[in-house]
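> mind looking at a prediction? Sequence and model below.
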Amino acid sequence: MVLIGPLQKVNPMKKPAFLLQFLEKMLPPDLHHLIGDLEEEFNHNINSEGLAKARLHFWSQLIRSLPWFILQFLTWNTMMFLNYLKVGWRNMKKHTGFSLINVFGMAASLSVCLLLILFILDQKSYDRFHEKSDRIVRVTFESSSSGDMFATTPAPLGDLLEKQYPEVEATVKANGGFYGDFRYSEIDVSLSGFYASQSFLSVFDFDLLEGDIQTALKDPGSVLLTPESVRKLFGNEETLGKTLTKVGNQDFTVTGIIDNAEKTHFDFELIASYSTITSDPDYENFFGKWQNTLWNSYTYLLMDEKTDMAAFEQKIQRQITANFMEEEGSQIARFRIQPLTSINLSKTHNNEIGFVIPGIIAWFLIGFTLVITLIACFNYVSLTVARALNRSKEVGVRKVHGAHRSSVIKQFITESVMIALFAFVFSIFLLRWLLPEFNNLYFINFMGASVDTSMLFQPEVIFVLIVFTVVVGIFAGLYPSIYLSSFNPAEVLKGISNTRKISGQTLKKIITVGQFTFSIIFITSSIMLFLQFKHLADTDYGFNQEAIINLELKDVSLSQVKNHLLQNPDVKSVSGTSPVPGMGAIYYEKVSSILGDEKIDAFSFRVDEDFIPTMELNLLAGRNFNPEMNSDSTSAVIISTALMRKLGFKDPAEAVNKEINITNEKNITTIVGVTENFVASDLTSTNDPAILLFQPQKTRFALIKTRPGKIIPFANELENLWPSLNSAYPLKYTVLDEELRDSPSLYVFIDMVKVLGLIAGFSILISCLGLLGLAIYSSENRVKEIGIRKVLGASVNQLVFTLSKEYLWMILTAIVISVPASWFINSLWLQAFSNKADFGLMVHVFGALIASLLAILTISTQTLRAAKTSPVKNLRSE
Amino acid sequence: MEELILLSVWKLQTEAYGLEIRQHLSELTGQDLSVGAVYVPLKRLKKRGYLEAWDSEPTDERGGRSKRFYKLTQKGIGALQQVKSVQENAWSNLPDIGFDWAPAKS
């Protein structure tokens, strides 16, 4: 039988070229002759039997042998993979130093990445514990005036929707604003939560530890407590059926204990029945108008499984025109349907029922994770490419033995993934230490967003983390493998004299410069943050906050407090104010001079005549308020220097007795005095315009100045004194000095310093590790050069300099780039502070110096060693 | 099957490579044999030393792929001869199929 007849030209288009190529990819090289056989047979069959039959035959061969092909494919790939692993492991062992540098560098950044991933995963898990979580949605609306999203809806909406649309299976109505002081036999506790309709417990799957799900939220005046609230109010007492009083309001009966341990966007310490609101005649009056409920009522819907949410959202828009119109149109531009599970990490909605982390934060964190991943990958890339020479021979030999480029790529990627997985193990250890630190951050605590360590043991979380690690490994190995696999074996095996050509000098330089630029920016920024923090903490408030107790007046009048307390020998003076300066301003007054129209926003304080002496404000001109003068309460104000300047007066004396306009006051008012600037709102600014109005009857806080050192005994006495003032409310006071120091903006600063400090530390660590790798490599490869230089008479110092020169240049470039960059970046956030620390050039010099010193230290360990080795030893071996 | 493969390698002499062997066997047995049915035993026979293999220079006709040629080794020839003699022994002296004994009906 002669198969190869006269060769006819076969149209290449007729060949199942794609399949052949696929087979070639799939099958081990050992079987490539088989593919050749198939192709030859196909060509032969075309000639003898025609295209159709040839195809048929080819396909039948293919299908009948498919199981065998697959088996070959699998065994071949496993074999090769095991071989890659073996070679990778040998390589890591052979160059332990390099491997460790790579592993540590990667572990440092991986741990931060993993932490952020954990955080996002944790945030994503919110509200997933409800069995019907995928069917629960919340109705929100878009405001027509501002375009902002609101988490609230008019209260009647829920019932309307349930009645009109069959796909709505159940509605949960909730209303915020259930908060206040709750009293149970002498114990007062401030608690907050919301009102919720009966369906709350059936739609959502919160655990009712005690009580009956059917009736717990049925009757007016029912309340559910969390275990924590129970402990605060009742201790270990039996709780169910007990009555507690909302001070100044009404009594509630405890009908259950509700577990709030699950992760949810609801934030509550107690929940009252919705019927409490509806049964109250006054409230019904108020609730009758939907406008009154628009900003504080929430509607959750349990939808039928088959509901098309987009269509449903479309359908309910008609409710706006049908039910929620005002004369001037509607506040509501559009209703939106928001799935329960995407409430957390979504677009920001105003008036949230609990604390929700905006989606933008998640994106920011993801961006941050990517940057850190990049830093880690770059390190790997620069180190691997720098060592290309060492590996080039290996690549050459592999290729000569018939390895395809793709298998060389696979081999190097396997190696980088191995490194990444080792780093992963290390980073888990780092994470065990990082997690508690992270959870201790003030804002994490504040948001209740702590990440549980137990998350690290959940299989699906581990899976995600490992997948991430493998992806990072592949990503890091991508460039080096493509680069290394591109070597031409003929060139490489002949021996390359030119190291520079092959070890990716430019890339290495760019990466190193980039890393150090980032490190210096991070270091400088964290120093600046810290200095700014110190500056804020040490800021002079413009008033004397020592030995002052800040007492909430509630229903007690200022004069009553004064009468009682001034008799006390420990008390120096008592003053009334609203609000207390330095605690975040709440009240504004629009002020303008009598001539100008420019309205200036000024923080306003309602005070009595004792405010200035008690706070020891510095009166620069004019006089204090005088209760004897009737006109003072209607038309006298005292302003701060900042406001005086803004009003156009040159000095305090000029401003006194001048008249100004205040939008909210009917009378024209006269400036009777000018004080020095003080911290009106918070520490970020010491020169906000402020205005004092003489309205003692409107003050809500009493500031009590005690004699030096008497503040603690007086506070104890105050506890005894409070009952005699006959207040319905519990005593609430703080020590002003401490409260000012507890300012959230300071805590956030500490957080920022910690976070940025850590990043700066990691980033300089990774950069130095990278540099160390490069230095080791270059001193190893220049051993001969060093030997010859030494023989020719170079001193150790000269050699160290020669070896370090290259790196010094890189660091210098990094400094030149980073100083303006960090100046620019830091000026961005510093704009928010008018109360700025005075940063000189020293900060930048210092940041650059730290980075350079660490870098030089790193390099010198290698260069010194290389320079000191005896040339005899180096040059003898050949 | 192994025996048949060895025999066809023998028969095809210098033309003994995968495709030829398969075609030859298909003709002999009258069935269209699949790739796996031929290449698996070929590989096994090679591994056990009954066959020797070498790859030719790649040719255009085969999309730049080489042919893998097979040749019997001494061991292979020995094995074939042994099989043959065993079979001949077994076939000889068989009684005729008579009236009192007939093959089982399947």
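Sure thing, it's come through. Residues are numbered from 1 along each chain as shown, chains lettered A, B, ... in the order given.

> could you use CA atoms for every contact and neighbour count after this?
Noted.

> just name the shakiest helix or strand of chain A by mean pLDDT.
Lowest mean confidence among the helices and strands of chain A (mean pLDDT, DSSP states H and E): helix A:499-502, at a mean of 53.

> for the helix or strand just after it, what is the distance to the chain centroid?
Scanning forward in sequence from helix A:499-502 by DSSP states H and E, the next helix or strand is helix A:505-537. Distance of helix A:505-537 from the chain centroid (Cα atoms, centre = their mean, to the nearest Å) equals 20 Å.

> next: stretch A:834-846.
Relative to the centre of its chain, stretch A:834-846 is centred 26 Å away, using Cα atoms, centre = their mean.

> ok, stretch A:551-569 next?
44 Å.

> buried stuff in that stretch?
A:Leu551, A:Glu552, A:Leu553, A:Lys554, A:Val556, A:Ser557, A:Leu558, A:Val561, A:Lys562, A:Leu565 (16 or more other Cα atoms under 10 Å in any protein chain shown).

> can you list contacts of that stretch?
A:571-576, A:696-697, A:699-704, A:725-729, A:731-734 (Cα atoms under 8 Å, 6 or more residues apart in numbering or on different chains).

> point out where chain B drops to low pLDDT.
Residues of chain B meeting the criterion pLDDT under 70: B:60-61, B:63, B:97-106.

> quick one: the helices in it, in order.
B:2-12, B:18-29, B:35-47, B:74-91 (DSSP state H).

> straight-line length of stretch A:643-652, end to end?
Start-to-end span of stretch A:643-652 (Cα to Cα, to the nearest Å) is 11 Å.

> I meant to write stretch A:695-705 there.
End to end - Cα to Cα - stretch A:695-705 spans 20 Å.

> check contacts around A:Leu574.
No, residue A:574 isn't Leu; it's Val. So A:Val574 contacts A:Lys562, A:Leu565, A:Leu566, A:Asp610, A:Thr614, A:Ala702, A:Leu703, A:Ile704, A:Lys705 (Cα under 8 Å, 6+ apart).

> out of those, which sit inside strands?
Under the assignment DSSP state E, the contacts of A:Val574 contribute A:Ala702, A:Leu703, A:Ile704, A:Lys705 to strands.

> turn the residues you listed into a markdown table, including pLDDT and distance to chain B.
Formatted as a markdown table, the ones in strands among the contacts of A:Val574 follow (pLDDT from 0 to 100; distance: Cα to the nearest Cα, whole Å):
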| residue | pLDDT | distance to chain B |
| --- | --- | --- |
| A:Ala702 | 90 | 95 |
| A:Leu703 | 91 | 95 |
| A:Ile704 | 91 | 97 |
| A:Lys705 | 91 | 98 |
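
> going by distance to A:Phe749, which of the residues you listed wins?
Set against A:Phe749, the nearest of the ones in strands among the contacts of A:Val574 by Cα to Cα is A:Leu703 (27.8 Å).

> run through the bridge partners of the closest one.
Beta-bridge pairing for A:Leu703 (DSSP bridges): A:Asn550, A:Ser575.

> could you check how far it is from A:Leu161?
52 Å.

> the more surrounded of these two?
Neighbours were counted for A:Leu703 and for A:Leu161 using other Cα atoms under 10 Å in any protein chain shown; A:Leu703 has more, 27 against 19.

> buried sites along the top strand by length along chain A?
Secondary structure of chain A per DSSP E: the longest strand is strand A:168-184. For strand A:168-184, burial by neighbour count (16+ other Cα under 10 Å) applies to A:168-176, A:178-183.

> how distant is it from the center of its chain?
With Cα atoms, centre = their mean as the basis, strand A:168-184 stands 29 Å off its chain's centre.

> note down every partner strand of that strand and its orientation.
Using DSSP bridges, strand A:168-184 pairs in its sheet with strand A:187-196 (antiparallel), strand A:243-246 (antiparallel), strand A:297-303 (antiparallel).

> so for it, what's the average pLDDT?
Averaging pLDDT along strand A:168-184 yields 89.

> which one is A:Phe412 nearest to, not counting chain neighbours?
Spatial nearest neighbour of A:Phe412, excluding adjacent residues (Cα to Cα, 6 or more residues apart in numbering or on different chains): A:Ser481 at 5.2 Å.

> give the contact list for that neighbour.
Contacts of A:Ser481 (Cα under 8 Å, 6+ apart): A:Val408, A:Ile409, A:Lys410, A:Gln411, A:Phe412, A:Ile413.

> same list (those) but as a markdown table, adding neighbour count, secondary structure and pLDDT.
Formatted as a markdown table, the contacts of A:Ser481 follow (neighbours: other Cα atoms under 10 Å in any protein chain shown; DSSP: H, G, I helix; E, B strand; the rest coil; pLDDT from 0 to 100):
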| residue | neighbour count | secondary structure | pLDDT |
| --- | --- | --- | --- |
| A:Val408 | 22 | helix | 87 |
| A:Ile409 | 22 | helix | 90 |
| A:Lys410 | 21 | helix | 88 |
| A:Gln411 | 23 | helix | 88 |
| A:Phe412 | 26 | helix | 90 |
| A:Ile413 | 25 | helix | 92 |
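
> go through those residues and name the one nearest chain B.
Closest approach to chain B among these (Cα to the nearest Cα): A:Val408, at 21.3 Å.

> my read: the closest one touches A:Ser485, true?
Yes - with contact defined as Cα atoms under 8 Å, A:Val408 reaches A:Ser485; the gap is 5.7 Å.

> so what sits against both of these two?
In terms of Cα under 8 Å, 6+ apart, A:Val408 and A:Ser485 are both contacted by the residues A:Val395.

> so A:Leu536 sits right up against A:Thr684, yeah?
Yes - the pair A:Leu536 / A:Thr684 is scored as a contact, 7.2 Å apart, by Cα under 8 Å.

> from A:Ala702, how far off is the nearest residue to A:Tyr733 once chain neighbours are set aside?
Of all residues not flanking A:Tyr733 in the chain, A:Leu551 sits nearest, at 4.3 Å (Cα to Cα, 6+ apart). In this view, A:Leu551 and A:Ala702 are 5 Å apart by Cα to Cα.
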